[in-house]
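In: Generate coordinates for the sequence data below:
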Amino acid sequence: SLSMVLILGGALGNWIDRLRVKAVIDYLDFRVFPVFNLADTAITAGVFLYFWLTLGLPGKPRSAKLNEPNDKRSGELPS
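Out: Numbering: from 1, shown residues only. Here you go, the predicted model:
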C-alpha cells in the first residue's frame, strides 16, 4: 500500500545518504521545529497513513459488508 511505499522510500533515502556521505543530510529548517529532510517526512506520513488505515477512518464503517443486508438463503451463491 501507499503507506509502506512511503516508509520504505524514506528509509531508502536516508540509507543512501548514510552510505554516500556517512550522515543523513537534514535541510528543511522552519526555526520553530526540528530540522528534517524529505525522507523523514515520507516516513512520518507513511506511519500516520498506516495507522489511520489500520484503525479505520473515523465515522465510516471498516468494511463495506457491514452495510449489506444479511441473506439467510442457504445453498445459493451470490450473483
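In: Can you give me the neighbour number for G10?
Out: 21 (other Cβ atoms under 10 Å). In short, each C-beta sits where N, CA and C put it, glycine included.
In: Quick check: mean pLDDT of the host helix or strand of it?
Out: Using DSSP states H and E, G10 sits within helix 2-21. Taken as a whole, helix 2-21 has an average pLDDT of 92.
In: what's the offset of it from the middle of its chain?
Out: 14 Å (Cα atoms, centre = their mean, to the nearest Å).
In: which outside residues touch the next helix-or-strand element following it?
Out: Counting by DSSP H and E, the next helix or strand C-terminal to helix 2-21 is helix 38-55. Helix 38-55 is contacted from outside by 1-14, 17, 24, 26, 28, using Cβ atoms under 8 Å, 6 or more residues apart in numbering.
In: What's the local residue count around D40?
Out: D40: 17 surrounding residues under other Cβ under 10 Å.
In: coming back round to it: could you pull out the buried residues of the helix holding G10?
Out: S3, L6, I7, G10, G13, N14, D17 (16 or more other Cβ atoms under 10 Å).
In: so what's the backbone phi/psi at the residue nearest to the last one when sequence neighbours are not counted?
Out: This points to D17. Nearest non-adjacent residue to D17, counting by Cβ to Cβ, 6 or more residues apart in numbering: V24, 4.7 Å away. Main-chain torsions, V24, degrees, to the nearest 10: phi -90, psi 130.
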